[in-house]
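Visitor: Next input, structure requested:
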Amino acid sequence: MSNNIREQLMAKTANLPKPADFQGENKKDRTNRGPQTMPGITSALAAAQLRIQELEARGVDTEIPVDAIVPNPWQPRRQFSEAKLSELARSIGEVGLLQAVTVRRVGESYQLVAGERRWRAHKLINKATVRAVVIECTDQDMAALALMENVTRDDLSDYEIAIAIRRAESEFPNRTRLAEAMGISRSDLYRFLAYDALPDFVKRDLDLNPSVLGASSAQDIANALKKSGEQGLKALQELWPQVLSGDLVQTKVAASLSAQASRGESATDAGGRSILKIFAGKVQAGSITKDVKGLTFKFKAGVMTEEQENQLREHIGKMFSIQSE
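Guide: The predicted structure follows:
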């Protein structure tokens, strides 16, 4: 069996059905989750898991200090469920670790190949060491395995999958074969790659909250920016905070920025509404919304003290006549 995961994946996926072979089957409405995986990905994932098992069979089982391990640099995941990690940590604390993590040696430390959740769970319960299998693994293996281990996870965002694709792209001879290995069409693959065309301020926020923008919306926004130029970029800069706050649905962003750019006006949402966010430190406390119906002040429950609320009421009372109901 080859020592290169690229050759493993190529052999495993060479005769896979093409995405077009599945057209017409189970045609369901697509959500903003973006590109949907197809049966080909099962074979690709099986090849990756087989590769890990092969490497582990030649590895050394040992105990390693938790603090001596760092994540796989090709790991696409930005967020881990605290609830699931806590549940796993409790299980490890009660019955121990059932499956060792897999690592490779790099200098004086170790990089995770598989098992980041188990490693994080150990840190959560302050375990000093973790049972691990130390293997020899190339950078190419690490990149491809990180992609195949993660693209099928339901809780992995489109943005995180896009990062994994970019990092592992060099492991495939072309994008057509990469798409086949993932079980998606080339057009779906390019939806993932559309994140690259977004401005840096959007990608910085996606690094912190990757689930904010799906691949389909990212592609729509990228296309709108390409057509509208500088005016579209200015519009997106004003609209983007509304997406982050949940005041603007991501599927409406492209149309909104195109409309504003064509008029050359200050960007508001599709209904002509402008929103100013109010922060208490780094936490959004509320917003001031202006539309054709008037001006609305809205504060989240619990963000203001009773004293602050009384001060606000007093200030408004000096400007207008207020009657309690």
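
Visitor: If you count residues, where's the longest helix of the protein?
Guide: In the chain, ranked by residue count with DSSP state H as the criterion, the top helix is helix 215-245.

Visitor: between the helix or strand just after it and helix 215-245, what angle do the directions make?
Guide: The first helix or strand that comes after helix 215-245 along the chain, using DSSP states H and E, is helix 253-263. Counting by axes from the mean of the first three to the mean of the last three CA atoms, to 10 degrees, helix 253-263 lies at 80 degrees to helix 215-245.

Visitor: any chance you could map the strands in the protein?
Guide: Secondary structure of the chain by DSSP state E: the strands cover 60-65, 69-70, 101-106, 109-114, 129-135, 274-280, 283-291, 294-299.

Visitor: Can I get those in JSON lines including mean pLDDT and mean neighbour count?
Guide: Yep, even glycine has a C-beta here, placed from its N, CA and C like the rest. Below are these laid out as JSON lines (pLDDT from 0 to 100; neighbours: other CB atoms under 10 Å):
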{"stretch": "strand 60-65", "mean pLDDT": "86", "mean neighbour count": "13"}
{"stretch": "strand 69-70", "mean pLDDT": "92", "mean neighbour count": "17"}
{"stretch": "strand 101-106", "mean pLDDT": "89", "mean neighbour count": "20"}
{"stretch": "strand 109-114", "mean pLDDT": "88", "mean neighbour count": "21"}
{"stretch": "strand 129-135", "mean pLDDT": "90", "mean neighbour count": "20"}
{"stretch": "strand 274-280", "mean pLDDT": "71", "mean neighbour count": "14"}
{"stretch": "strand 283-291", "mean pLDDT": "77", "mean neighbour count": "15"}
{"stretch": "strand 294-299", "mean pLDDT": "83", "mean neighbour count": "11"}
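
Visitor: Turn those into JSON lines, columns for distance to residue 93.
Guide: What follows is the strands of the chain, written out as JSON lines (distance: least, CB to CB, whole Å):
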{"stretch": "strand 60-65", "distance to residue 93": "17"}
{"stretch": "strand 69-70", "distance to residue 93": "19"}
{"stretch": "strand 101-106", "distance to residue 93": "16"}
{"stretch": "strand 109-114", "distance to residue 93": "20"}
{"stretch": "strand 129-135", "distance to residue 93": "13"}
{"stretch": "strand 274-280", "distance to residue 93": "37"}
{"stretch": "strand 283-291", "distance to residue 93": "33"}
{"stretch": "strand 294-299", "distance to residue 93": "41"}
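
Visitor: among those, which is nearest residue 174?
Guide: Nearest of the strands of the chain to residue 174, taken as CB to CB: strand 109-114 at 26.0 Å.

Visitor: Name all residues that make contact with residue 289.
Guide: Counting by CB atoms under 8 Å, 6 or more residues apart in numbering, residue 289 touches 247, 273-276, 295-296, 298.

Visitor: how far does stretch 217-226 sit from the chain's center?
Guide: The chain centroid and the centroid of stretch 217-226 are separated by 18 Å, computed with CA atoms, centre = their mean, to the nearest Å.

Visitor: Using CSV, write down the CA coordinates of that stretch.
Guide: Taking Å, rounded to 0.1, in the frame of the first residue of the first chain, the C-alpha atoms of stretch 217-226 are listed here in CSV:
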residue,chain,number,x,y,z
SER,A,217,-24.3,33.6,0.0
ALA,A,218,-20.5,34.0,-0.1
GLN,A,219,-20.6,33.3,-3.8
ASP,A,220,-23.5,35.7,-4.4
ILE,A,221,-21.7,38.5,-2.5
ALA,A,222,-18.4,37.8,-4.4
ASN,A,223,-20.2,38.1,-7.7
ALA,A,224,-22.0,41.3,-6.6
LEU,A,225,-18.7,42.8,-5.5
LYS,A,226,-17.1,42.0,-8.8
